[in-house]
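Engineer: Here's a sequence, model it:
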Amino acid sequence: MTAATGIEAFAPIAGLAGRTAEWRRVRFLGGEYDLTADGRTFARLAFTGAMRRSARLAGAGGEWELGRRGFWRPVVFVRRAGHEAALAELERDLWGNGVLQFASGPRYLWRRVSFWRGRYALLSVREQALVTIRANLFQSAGRLKLECAPQAAESHELAVLAGVALYVRLMIARRNSGG
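Structural biologist: Numbers count the residues shown, from 1 in each chain. Below you'll find the predicted structure:
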């Protein structure tokens, strides 16, 4: 995705602070998800490659590449599109909790906040939920709710947080379904 494909068409993601949005699969069985609220699109995450191990995230703030490496405890990495250096890495422990560490310093905690409903959150280091993601209870796996706390507006990494939350949540769902 480049400016020619509509990056300027994305609404500024800071507008989601204090609101709930939805990651919605663009096409049935497709690998593209749009982050939408009130008829506006804030970001798109598109899986790439045969095994769908990597993805491209685009929003008004730019483009990023997400991927994972490792087998037993995969590390999720984020980098600016076209760059080799990691912008951030998420390492999870055996229970699925982890730390998303940005090379520039900011750190966020990844936690499962509800066992039965499959809710996960990225929290500030003060353990305030900034972004929470969950599956819709009676809808397909192609839709996930994303709740952004009001204080998420303070994070310059909000687009990346939203993309990482979807990427990891779908990675967990795939592992749990045996796929």
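Engineer: Low-confidence ranges, the protein, go.
Structural biologist: 1-8, 50-51, 116-117, 136-141, 175-179 (pLDDT under 70).
Engineer: at 80 instead, please
Structural biologist: 1-8, 29-30, 49-52, 71-73, 115-117, 136-142, 173-179 (pLDDT under 80).
Engineer: Going along the chain, name the strands of it.
Structural biologist: 20-25, 32-37, 40-48, 54-59, 62-69, 75-80, 88-92, 98-102, 107-114, 119-123, 129-135, 143-148 (DSSP state E).
Engineer: list the contacts for the spatially closest residue to L109 that is not a sequence neighbour?
Structural biologist: Distances taken as CB to CB, 6 or more residues apart in numbering place L123 nearest to L109, at 4.4 Å, with adjacent residues excluded. No exception for glycine: its C-beta is placed from N, CA and C like everyone else's. Residues counted as contacts of L123 (CB atoms under 8 Å, 6 or more residues apart in numbering) are 108-111, 129-130.
Engineer: which non-adjacent residue is nearest A21?
Structural biologist: Nearest one to A21, counting by CB to CB, 6+ apart, is A37 at 3.9 Å.
Engineer: distance of that neighbour from Q101?
Structural biologist: 28 Å (CB to CB, to the nearest Å).
Engineer: now swap in L87 and tell me
Structural biologist: Taking CB to CB, one finds L87 at 10 Å from Q101.
Engineer: didn't the residue nearest to A21 look like it was pressed against I13?
Structural biologist: No. The pair A37 / I13 is not scored as a contact, 10.3 Å apart, by CB atoms under 8 Å.
Engineer: Give me the more crowded residue out of those two.
Structural biologist: I13 (25 against 16; other CB atoms under 10 Å).
Engineer: so who does that one touch?
Structural biologist: Here I13 is in contact with 35, 42-43, 59-61, 158-159, 162 (criterion: CB under 8 Å, 6+ apart).
Engineer: switch to 10 Å and redo it
Structural biologist: Residues in contact with I13 (CB atoms under 10 Å, 6 or more residues apart in numbering) are 21, 35, 42-43, 59-61, 148, 152-153, 155, 157-163.
Engineer: What's opposite the residue nearest to A21 in the beta bridge?
Structural biologist: For A37, the beta-bridge assignment (DSSP bridges) gives partners R40.
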